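1. structure of the sequence below:
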Amino acid sequence: MNDVIEKPTCRVVRPGATFDGQQGLSYFEGIAAQTVGSTGLCMHLVTIPPGARARAHLHENHETAIYCLSGQAYTWFGERLEEHVVLHAGELMYIPAGVPHLPANLSNAPCTAVIARTDPNAQESVVLRPDLDHLVSF
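-> Below is the predicted model:
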């Protein structure tokens, strides 16, 4: 048997292909175990169209960092989505593991953000919270 161990190397990913996340948004493929073999993080681009929203969810086992490139994202968070922030272009947001949240774009322009997580698998620890979806309406 001839097992070949590949040497880790740097890789460039050109976002082009998209995938539909369980959260109800489309993401541009980026850095993940599935694309480059990362073992401790994933990073994607997401564009939330005007008037769109994600499903209420949490990331059970990993932290999330978001950098808003353009537009603004309204995000409700907390056990009953009782907290609310507006993330503007140039701002960053941190979401601890296990915190329910629901992002939305209430503006007339797209909102684009870079999302990084401490789980190399893009969708592995997503837990949908349909019991919270009705708490946010606009």
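2. in terms of helices and strands, where is Phe28?
-> Phe28 is part of strand 26-31, with elements assigned from DSSP states H and E.
3. who touches that strand?
-> 13, 15-21, 35, 38, 41-47, 115, 122 (Cβ atoms under 8 Å, 6 or more residues apart in numbering). Using the backbone N, CA and C atoms, a C-beta is placed for each residue, glycine as well.
4. and the residues you listed, which of them are buried?
-> Gly21, Thr35, Ser38, Leu41, Cys42, Met43, His44, Val46, Thr47, Ile115, Ala122 (16 or more other Cβ atoms under 10 Å).
5. mind picking the two most distant members of the residues you listed?
-> Among these, the pair separated by the greatest distance (Cβ to Cβ) is Ser38 and Thr47, at 22.2 Å.
6. so where do the strands sit in the protein?
-> 18-20, 26-31, 42-48, 57-59, 64-70, 72-77, 83-88, 92-95, 101-104, 111-117, 126-128 (DSSP state E).
7. now do the fourth one: distance to the chain's middle.
-> Relative to its chain's centre, strand 57-59 lies at 10 Å (Cα atoms, centre = their mean, to the nearest Å).
8. packing partners for that strand?
-> Packing partners of strand 57-59 (3 or more Cβ pairs under 8 Å, 6 or more residues apart in numbering; DSSP states H and E): strand 101-104, strand 126-128.
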